[in-house]
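Undergrad: what's the 3D shape of this:
(one chain, ligands or ions: 1)
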Amino acid sequence: MNDEPLLEVRNLRTSFKTERGTVDAVDGVSFEIYPGEVFGVVGESGSGKSVTALSLLQLLDSNSTVEADAVRFKGENLLAKSDAEMQDVRGGEISMIFQDPSTSLNPVMTIGEQIAEVYRQHASSAESGGFWPEMKRKYVTGTSKKSESWQRAIELLDIVGIPDPEARATEYPHQLSGGMRQRVVIAQALAGDPELIIADEPTTALDVSIEAQILNELVDLKNDYDVSVMLITHDMGVVRETCNRVAVMYAGELMEQATDDDLFAEPHHPYTQGLLGSIPRITDDREWLDVIEGTVPDLIDKPAGCPFRDRCDRAFEMCDQPLVAYDASSDSNSEPSEHTAYCHLHNDHVETNADGHAVDITEGAHAEVESKRVDAKSDEMVRADGGDNQ
Ligand SMILES: Nc1ncnc2c1ncn2[C@@H]1O[C@H](COP(=O)(O)OP(=O)(O)OP(=O)(O)O)[C@@H](O)[C@H]1O
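TA: Take a look at the predicted model:
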C-alpha cells in the first residue's frame with residue numbers, strides 16, 4: 001500500500017456503562033482504509049463491528065466512552081471534532097448505510113426529495129470536488145437550487161440502477177421493493193459526495209439475488225467514483241465476493257487482518273479458519289457446514305488474553321497472555337505487514353508437538369511473547385493491557 005490512508009484508526013476502545021458493569025465492546029482495534037478500496041470487517045454477531053463504525057462517527061448512546069490513540073480521516077482527528085463538525089462529516093465525506101433501509105428513509109417524503117435534501121445540505125462540498133464534476137449531466141436542466149438538487153436526485157437514482165428514475169423520484173418508500181429501497185439509501189449516501197461509505201450489513205435484510213445486485217452496485221461505485229467502502233458483514237461469502245482487504249473481529253478485538261486473497265488462501269487464526277469452514281463450497285461433500293462451537297464471551301470484565309481461547313481447539317498455555325500482532329505475511333519485507341494474525345501460535349517460540357498441540361518452548365514461558373511483534377506501527381499495535389495507551 002503506497003497511498004496515504006483515507007482513514008487511520010489506532011487502538012480504538014469503546015465501552016458502555018450498564019447496570020451489570022462496563023461492556024468493553026471494542027478493545028484496542030487498529031486498521032487503515034485506503035482510497036478506492038472495499039475494506040471488510042467480518043465477525044459473528046456481538047463481535048463489535050457496528051460499535052466500531054458508530055464510534056468513528058460519534059453515533060453512540062450517552063452511556064458510551066470512545067477513546068483511541070488516533071482516528072484520522074484525511075489526516076484530521078475525528079474524535080476532536082465538535083457535534084456540529086461531525087454532522088458535516090456524516091452524510092458528507094463519510095456516509096453510512098444501515099441494514100434495514102426502512103429505518104433510513106422517511107415514510108412521508110418522496111424518495112427524490114429525501115435524496116435532494118442530503119444533496120442540498122452538502123452542496124458546497126459536492127461542488128468543490130469528488131465525483132460530481134465527472135458525472136453525466138443528462139438530467140440537469142434547471143438552474144435554481146431546488147431544481148438542481150431534484151435533478152441530482154434523479155441522476156443518483158439512475159446511477160444506482162433504479163429504472164425510470166424521473167417517475168420513481170416522486171414515489172414514497174412504501175411503493176418500492178426492499179432491494180429498490182436499499183438502492184435509494186445508497187443514492188442518498190452518495191448525495192453528499194462521500195469519500196468513504198460505511199455499509200453495515202447492507203444486504204442482510206434482502207434476498208440472495210438482490211443481495212448480489214446491491215453488492216455489485218457498491219463495487220461499481222467504488223470503481224467508477226473512487227469511493228472507499230467499509231463493509232461490515234458476518235458473511236465470509238460476501239467478503240470473498242466484494243472486499244480487497246479484511247479485518248476479522250471477535251469479542252471486540254482484531255483476530256486477523258489481510259488482503260482478501262491472503263485471508264482465503266492462508267487463514268492463520270483458528271477463528272478465521274472456523275468462519276471459513278462455515279461457507280458452503282461448490283465442491284462440498286460435507287453433509288453439514290462446520291460451525292464454531294460455543295458463543296462469544298461476556299464482554300463485561302473480559303479476562304486478558306485471547307478472547308477466543310475457550311472455543312479454540314488449539315488453545316495452549318500462552319493464550320491467557322495479552323494478545324499481540326504477529327506478522328503472518330508470506331512476504332516478510334512488506335511494510336507495514338499486509339497479513340497480521342493476533343494469535344500466539346505465531347510466536348517464534350511456539351512449536352507443535354507430536355500430538356498436534358502447541359507448546360511454548362521458551363525457558364520461563366511467556367517471557368518472550370512479544371518477540372515477533374509487528375513493529376510497523378510500534379506500541380500502538382500492542383493491544384494488551386490498555387494501561388499505557390491513554
Ligand atoms: N448501547 C449499548 N449498551 C451496552 N452494550 C452495547 C450497546 N451497544 C452495543 N453493545 C454491546 O456491544 C457489543 C458489540 O455489539 P455490536 O453491535 O458492535 O456487534 P456486531 O459485531 O455489530 O454484531 P451484529 O452483527 O449482531 O450487529 C455487544 O455485546 C453489544 O451487546
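
Undergrad: for the longest helix seen in the chain, give me every contacting residue.
TA: Ranked by residue count, the top helix of the chain under DSSP state H comes out as helix 208-225. Residues from elsewhere that reach helix 208-225, judged by C-beta atoms under 8 Å, 6 or more residues apart in numbering: 36-38, 130-131, 134, 159-161, 177-179, 182-183, 186, 190, 197, 199, 202-203, 206, 227-229, 231, 238, 241-242. Just so you know, the C-beta spots here come from the backbone N, C-alpha and C atoms, and that holds for glycine as well.

Undergrad: what subset of the residues you listed is buried?
TA: Burial by neighbour count, 16 or more other C-beta atoms under 10 Å: within those this picks out 36-38, 130-131, 159-161, 178-179, 182-183, 186, 190, 197, 199, 202-203, 206, 227-229, 231, 238, 242.

Undergrad: how far away is the closest residue to Thr259 other than its chain neighbours from the ligand?
TA: Leaving aside its chain neighbours, Thr259 sits nearest to Arg245 (5.2 Å; criterion: C-beta to C-beta, 6 or more residues apart in numbering). Distance, Arg245 to the ligand, by C-beta to the nearest ligand atom, to the nearest Å: 18 Å.

Undergrad: what's near enough to touch Arg245?
TA: With C-beta under 8 Å, 6+ apart as the criterion, the residues that contact Arg245 are Glu37, Phe39, Gly40, Gln257, Ala258, Thr259, Asp260.

Undergrad: quick one: which of those residues has the most company?
TA: When neighbours are taken as other C-beta atoms under 10 Å, the top entry among these is Gln257 (28 neighbours).

Undergrad: helix, strand or coil: sort out that residue for me.
TA: Following DSSP: H, G, I helix; E, B strand; the rest coil, Gln257 is assigned to strand.

Undergrad: pull the CA atoms of stretch 343-350 into PDB?
TA: Extracted in PDB, the C-alpha atoms of stretch 343-350 (Å, rounded to 0.1, in the frame of the first residue of the first chain):
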ATOM      1  CA  CYS A 343      -2.600 -15.400  17.800                       C
ATOM      2  CA  HIS A 344       0.200 -16.700  19.900                       C
ATOM      3  CA  LEU A 345       0.500 -19.800  17.700                       C
ATOM      4  CA  HIS A 346       2.600 -17.500  15.500                       C
ATOM      5  CA  ASN A 347       5.100 -16.700  18.200                       C
ATOM      6  CA  ASP A 348       8.600 -17.900  17.100                       C
ATOM      7  CA  HIS A 349       8.900 -19.700  20.400                       C
ATOM      8  CA  VAL A 350       5.900 -21.900  19.800                       C
END
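
Undergrad: so how far is it off the chain centroid?
TA: Stretch 343-350 has its C-alpha centroid displaced from the chain centroid by 27 Å (C-alpha atoms, centre = their mean, to the nearest Å).

Undergrad: point out where the stretch 201-350 of the chain drops to low pLDDT.
TA: Scanning the stretch 201-350 of the chain for pLDDT under 70 picks out the ranges 278-290, 330-337.

Undergrad: so which residues on it come close to the ligand?
TA: Counting by C-beta under 6 Å from any ligand atom, the stretch 201-350 of the chain comes close to the ligand at His234, Leu299.

Undergrad: which residue ranges form the strands in the stretch 201-350 of the chain?
TA: 228-233, 245-250, 253-259, 326-327, 340-341, 350-352 (DSSP state E, counting those that start in this stretch).

Undergrad: and the fifth one, what does it pack against?
TA: Right, the one you point to is strand 340-341. Strand 340-341 sits against strand 253-259, strand 326-327, with contacts defined as 3 or more C-beta pairs under 8 Å, 6 or more residues apart in numbering; DSSP states H and E.

Undergrad: repeat that with 6 Å
TA: Contacting strand 340-341 under the criterion 3 or more C-beta pairs under 6 Å, 6 or more residues apart in numbering; DSSP states H and E is no other helix or strand.

Undergrad: tell me how many other residues surround the closest residue to the ligand within the stretch 101-250 of the chain.
TA: Closest residue of the stretch 101-250 of the chain to the ligand, C-beta to the nearest ligand atom: His234 (5.2 Å). By other C-beta under 10 Å, the residues close to His234 number 18.

Undergrad: any idea how far it is from Gln58?
TA: Look at His234 and Gln58: by C-beta to C-beta, to the nearest Å, they are 24 Å apart.

Undergrad: equivalent analysis for Thr204, please.
TA: 24 Å.

Undergrad: name the residues of the stretch 51-200 of the chain found near the ligand, please.
TA: Val51, Asp61, Asn63.

Undergrad: if you set the cut-off to 8 Å instead, what comes out?
TA: Within the stretch 51-200 of the chain, the residues that sit near the ligand (C-beta under 8 Å from any ligand atom) are Val51, Thr52, Ala53, Leu54, Leu60, Asp61, Asn63, Ser64, Gln99, Asp200.

Undergrad: okay, and which of those map to helices?
TA: Per DSSP H, those map to helices at Val51, Thr52, Ala53, Leu54.
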